[in-house]
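>>> give me a model of this one.
(2 chains)
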Amino acid sequence: MKGTIRRSLVSLASVALVTAAPVRAEGPTSQDIAASATNTSAVLTNGMGPWGQRYSTLTQVNTATVKGLVPAFASSLGGEKQRGQESQPIVYDGTIYVTGSYSRLFAFDARTGEKKWEYNARLTDGIMPCCDVVNRGAAIHGDKIIFATLDAHLIALNRNTGKVIWNKTLADYQAGYSATAAPMIVKDMVIYGNSGGEFGIVGSVQARDVNTGELIWERPTIEGHVGTLRGQPNGMTGKLNASWQGDMWKTGGGATWLGGTYDPDSNLIFMGTGNPGPWNSHLRPGDNLYTSSTLAIDADTGVIKWHFQTTPHDGWDFDGVNEFIPFDATIGGKPMKLGAKADRNGYFFVLDRTNGKFVSASKFVMQTTWANGFNPKTGRPNYNDDNRPGAPVGAEKGKVVFSSPSFLGGKNWMPMAYSQQTGLFYIPSNDWGMDIWNEPIAYKKGAAYLGAGFTIRPIAEDHIGALRAMDPTAGKIVWEYKNKAPLWGGVLTTAGGLVFTGTPEGYLKAFDAKTGQELWKFQTGSGVVGSPVTWQQDGEQYVAVMSGWGGAVPLWGGEVAKTFKDISQGGSLWVFKLPKG
Amino acid sequence: MSEPRSGGRLGRRALLGGLFGALGAAALLPQPLRAAPLARVRAEGRLRVGVYAENRPWSWSEGGVLRGIDVDLGKALAAALQVRAEVVEFYAGDDLAADLRNVVWRGGLLGFQPCDVMLHVPFDRQLMLDSDQVAIVAPYYREGFAILCGPDGGDCEAPPVQFRGKRLAAETATMSDAYLLGSFGGVLGAGVRHHTTGYGAMAALAGGQADVAMGTRAQAEAALHDFPAAGLRRRRGPIPALASPGWDVAMAVKDNSRTLGDALEAALAELATRGDLARLFAAHGVEWHAALAG
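This is a model prediction of the structure:
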């Protein structure tokens, strides 16, 4: 009933537009997208709203009813191209849009699961991706659905036909650049970061006109580089050589490979940045700004308003790309505009999102060997100096240290969720460590280069993965669910008192958001490394997730591989609802 | 970034050796086992050779044409096997394991077909132990390090610590880069200018953008050859406190392609004996040095 009324209103609105407004592509506007966190009839952004909280107010599926959740349909991505499906579905106007491995985009009918169209990016066979062939999702705006490809292109398709509207080169794949993150729409711009191999690239954030794909502004993440706004220089990032020696800033790293979040109130884009290069930290004295940081960037100009570095002078490959999720809470009796980030380095950071001021950093994994907490006055880590991998001496490798977390992180790419109902963050984390050392010689490109050696090891008998509920005001873990294999998928939470996440073992699981009790699970046939979403359609609440094992984890062998080596690949969209009546 | 292993290397090698040793009775064997890689290369009349992109003077693309020592070597090896050469370039991954996986034993995830042989693979014991899907064979050059000085670069034979204050050039994250950044308490570090290739670092001397450049021996000799009028000078004395004595450069075939590996080793030995190998290197300004393991 509600749905019918909404649809009639929409048609009235479009009729009015024909006469009153200039020609406009029909579909979600930037205003719709900015307000989408409370729109339960659609999923308009990666993160289910610009803040990326992955929280839905829907309650039909709840702690009492979830046990009855059953599949409505499953849709295969088909072909031989399986591997990791890290995508989050976008749902709008009766269509589910998902990206697939190998830079593919699919439109499925949201009621029947029938495929409407499929787009396969034409990729040259010369691309050798470092970290599997994943894609993490699309962005919707007007008549367009937009995604990025492994050869570092950004492509806008007509969302009804799958035909290309524009196709822009973000960076040169031959120079080692790639693209896997979901784009973000802010004020009729597509916001996109960059990604690439370990050596020599420099992070940046680009804003492009959503209608044409033309560049509006670009902001490099490493100090010394100059940003642009509408083709003109727009000021230097940081201060030249303030935290880098010589010209090492030119190849300093800091890739923004995971994308970001946006706060419409303050007009700030929050972007995390990758680790610095080279690995051997002894060769790059200084904090190496702005690597392993969160940047707050003005959406109109691309100017950095504040930064917070989570791992200054990184020596453990703790990149800082993780999502910074705005939330409001009262701390010490004072209502505050905050944001939180669960970092690779094992700490959960709460910052004042208006100015980047440090509020707290709490451990969310079993063990952090590299630092013993953060200094609340300075917001800097209390380093354990003995735990920094040593510099190589002559032909001998540097001192080997055991570091926890491993470089795959206390949390990797997979996004956490924040419940406005419980006030808790739900963090998909992993407890693992690594032996790490700097190699005097590692062969690359047929020659002798610098390198680092790693051996990843579990640190617990019974698990690697752990879904943890974090109280951001107290910095305490409220509950945890342990999983044998590493967790690699995103989290969803709802006002039905639920938390959803997938496991490599193939399950989509639902937990009680207050207690962590497992209430429901379903075997999807392959590992789940995507992010679940929920929406309401025809009066019923739906839950959807991608299934398909892959991503960076299976590339690593050794002890941890025992937990996942027998998992089969896949590639399907699964959609669930409660039975009718 | 090691791949999950499947069984001991020696064990499998020995088993395969035994199988192929018995190929005299090939007619009795089922079809798949008879299709030995060398026989397949001969049957197809083609040797597919993988070379690194942007790796001057070994292999690089100029106006759509592949050039370089490795390119010429690939052609010479194919000629010796009396087949056509198909030399293809590929972009380097983050480490050798990725290159061996993409180019030799599995192929690229986006359709890059595996090559019969990949050139420019370090003949390194640890790399062999870590790479049980490939056989690293036929070492063909002894690589080392070299320092060049520009016309205004001062005394090229001085102890390197005296390069302090000069503009130093090296390829990012190479041994040469690490040497300049980290040696002598790091006093040279602030002067290092980073380049995307070693040859590019050497060429920066010729262009007047650097005073001293460090890279591999082959990169230095190629730059001396390519910029004869630039007044470049080569350091004759040793480079003190260098972590690496150099390494042998070899080639890789699939672990089950021993027949091809043996044929390539025989062809290489013939090229060396006839002096063809030295001539092939000299055409690019590089003096051929036999591999120590040769």
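>>> ok, A:Arg208 - contacts?
When contacts are counted by Cβ atoms under 8 Å, 6 or more residues apart in numbering or on different chains, A:Arg208 touches A:154, A:168, A:189-190, A:192, A:214-216. Quick note: C-beta positions are derived from backbone N, CA and C, even for glycine.
>>> switch the cut-off to 6 Å
Residues near A:Arg208 by Cβ atoms under 6 Å, 6 or more residues apart in numbering or on different chains: A:190, A:215.
>>> where is the longest strand in chain B?
strand B:134-143 (DSSP state E).
>>> what's downstream of it, the next helix or strand?
strand B:145-149 (DSSP states H and E).
>>> and what about A:Val61, helix, strand or coil?
coil (DSSP: H, G, I helix; E, B strand; the rest coil).
>>> circling back to that earlier point, what is the mean pLDDT for the longest strand of chain B?
The average pLDDT within strand B:134-143 is 97.
>>> so who does the residue of the stretch 101-250 of chain A found nearest chain B touch?
When you check the stretch 101-250 of chain A against chain B by Cβ to the nearest Cβ, the closest residue turns out to be A:Asp125, at 3.7 Å. The contact partners of A:Asp125, by Cβ under 6 Å, 6+ apart, come to B:108, B:110-112.
>>> now render those residues as a markdown table, adding secondary structure and distance to chain A.
Shown next, in a markdown table, are the contacts of A:Asp125 (DSSP: H, G, I helix; E, B strand; the rest coil; distance: Cβ to the nearest Cβ, whole Å):
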| residue | secondary structure | distance to chain A |
| --- | --- | --- |
| B:Gly108 | coil | 5 |
| B:Leu110 | coil | 5 |
| B:Gly111 | coil | 4 |
| B:Phe112 | coil | 4 |
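>>> how about low-confidence regions in chain B?
Residues of chain B that meet the criterion pLDDT under 70 lie in B:1-35, B:294.
>>> ok, back up a step: gap between the longest strand of chain B and the chain center?
8 Å (Cα atoms, centre = their mean, to the nearest Å).
>>> residues contacting B:Leu224?
Contacts of B:Leu224 by Cβ under 6 Å, 6+ apart are B:Leu232.
>>> same check, this time on A:Gln537
A:Gln537 neighbours (Cβ under 6 Å, 6+ apart): none.
>>> report pLDDT for it.
For A:Gln537, pLDDT reads 97.
>>> how close does it sit to chain B?
36 Å (Cβ to the nearest Cβ, to the nearest Å).
>>> got it, and A:Met336?
41 Å.
>>> just checking: what are the partner strands of the longest strand of chain B?
strand B:247-254 (antiparallel) (DSSP bridges).
>>> could you dump the strand it pairs with to CSV, C-alpha only?
Extracted C-alpha coordinates of strand B:247-254, given in CSV (Å, rounded to 0.1, in the frame of the first residue of the first chain):
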residue,chain,number,x,y,z
TRP,B,247,73.7,-12.3,-9.5
ASP,B,248,73.3,-14.6,-12.4
VAL,B,249,70.5,-14.0,-14.9
ALA,B,250,68.7,-17.0,-16.2
MET,B,251,65.4,-18.1,-17.7
ALA,B,252,62.4,-20.1,-16.5
VAL,B,253,60.3,-22.8,-18.0
LYS,B,254,57.5,-24.8,-16.5
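>>> show me how far it is from its chain's centre.
7 Å.
>>> and what of stretch A:528-547?
The answer for stretch A:528-547 is 18 Å, by Cα atoms, centre = their mean.
>>> buried stuff in that stretch?
A:528-537, A:541-547 (16 or more other Cβ atoms under 10 Å in any protein chain shown).
>>> narrow those to those in strands?
A:533-537, A:541-547.
>>> quick one: residues contacting residue 267.
Defaulting to chain A. With contact set as Cβ under 6 Å, 6+ apart, A:Asn267 has these partners: A:Ala299.
>>> wrong one, chain B
B:77, B:80.
>>> measure A:Ile427 to chain B for me?
Counting by Cβ to the nearest Cβ - A:Ile427 and chain B are separated by 26 Å.
>>> quick one: the helices in the stretch 51-200 of chain B?
B:69-80, B:96-100, B:125-130, B:175-182, B:198-206 (DSSP state H, counting those that start in this stretch).
>>> quick one: is the first one near chain A?
No: among the residues of helix B:69-80, none lie within reach of chain A under Cβ under 6 Å from any Cβ of the partner chain; the closest is 8.7 Å away.
>>> show residues contacting that helix.
B:47, B:49, B:51, B:57-59, B:85, B:87, B:119-120, B:264, B:267, B:271, B:280-281, B:284.
>>> quick check: buried residues in that helix?
B:69-78, B:80.
>>> now the two most distant members of the residues you listed.
Farthest pair in these (Cβ to Cβ) is B:Ile69 and B:Ala80. Separation: 16.2 Å.
>>> coming back round to it: report the buried members of the contacts of helix B:69-80.
Buried, going by 16+ other Cβ under 10 Å: B:47, B:49, B:51, B:57-59, B:85, B:87, B:119-120, B:264, B:267, B:271, B:280-281, B:284, out of the contacts of helix B:69-80.
>>> if I look at A:Ala152, how far off is A:Thr212?
18 Å (Cβ to Cβ, to the nearest Å).
>>> in space, what's closest to the residue nearest the centre of chain B - neighbours in sequence excluded?
Centroid-nearest residue in chain B, with Cα atoms, centre = their mean: B:His120, separated by 2.3 Å. Nearest non-adjacent residue to B:His120, counting by Cβ to Cβ, 6 or more residues apart in numbering or on different chains: A:Gly446, 3.5 Å away.
>>> do you know how far that neighbour is from A:Asn438?
21 Å.
>>> who wins for proximity to A:Gly49 among the helices of the stretch 51-200 of chain B?
helix B:96-100 (37.6 Å).
>>> buried stuff in the closest one?
For helix B:96-100, by 16+ other Cβ under 10 Å, it's B:96-100.
>>> now those as TSV including distance to A:Phe308?
Converted to TSV, the buried residues of helix B:96-100 look like this (distance: Cβ to Cβ, whole Å):
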residue	distance to A:Phe308
B:Leu96	37
B:Ala97	35
B:Ala98	33
B:Asp99	37
B:Leu100	40
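>>> domain ranges for chain B?
B:9-141+B:250-282, B:145-234 (automatic domain parsing).
>>> for the stretch 351-500 of chain A, which residues are neighbours of chain B?
So far as Cβ under 6 Å from any Cβ goes, the stretch 351-500 of chain A lies against chain B at A:394-395, A:440-441, A:443-446, A:448-450.
>>> going by distance to A:Gly302, which of those residues wins?
Nearest member of those to A:Gly302, counting by Cβ to Cβ, is A:Leu450, at 32.7 Å.
>>> am I right that the closest one is in a helix?
No: applying three-state DSSP, one finds A:Leu450 to be strand, outside a helix.
>>> give me the neighbour count for it.
Close neighbours of A:Leu450, defined as other Cβ atoms under 10 Å in any protein chain shown, add up to 25.
>>> contacting residues for it?
Contacts of A:Leu450 (Cβ under 6 Å, 6+ apart): A:278, A:280, B:173, B:178.
>>> repeat for A:Ile216
Applying Cβ under 6 Å, 6+ apart to A:Ile216 gives the contacts A:189, A:207, A:209.
>>> over to A:Ile155?
Contacts of A:Ile155 by Cβ under 6 Å, 6+ apart are A:Asn167.
>>> what about the strands in the stretch 151-294 of chain B?
All strands of the stretch 151-294 of chain B, identified by DSSP state E, counting those that start in this stretch, fall at B:168-171, B:192-195, B:212-216, B:233-234, B:247-254.
>>> mean neighbour count added to those, as JSON lines?
Below are those laid out as JSON lines (neighbours: other Cβ atoms under 10 Å in any protein chain shown):
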{"stretch": "strand B:168-171", "mean neighbour count": "28"}
{"stretch": "strand B:192-195", "mean neighbour count": "24"}
{"stretch": "strand B:212-216", "mean neighbour count": "29"}
{"stretch": "strand B:233-234", "mean neighbour count": "16"}
{"stretch": "strand B:247-254", "mean neighbour count": "26"}
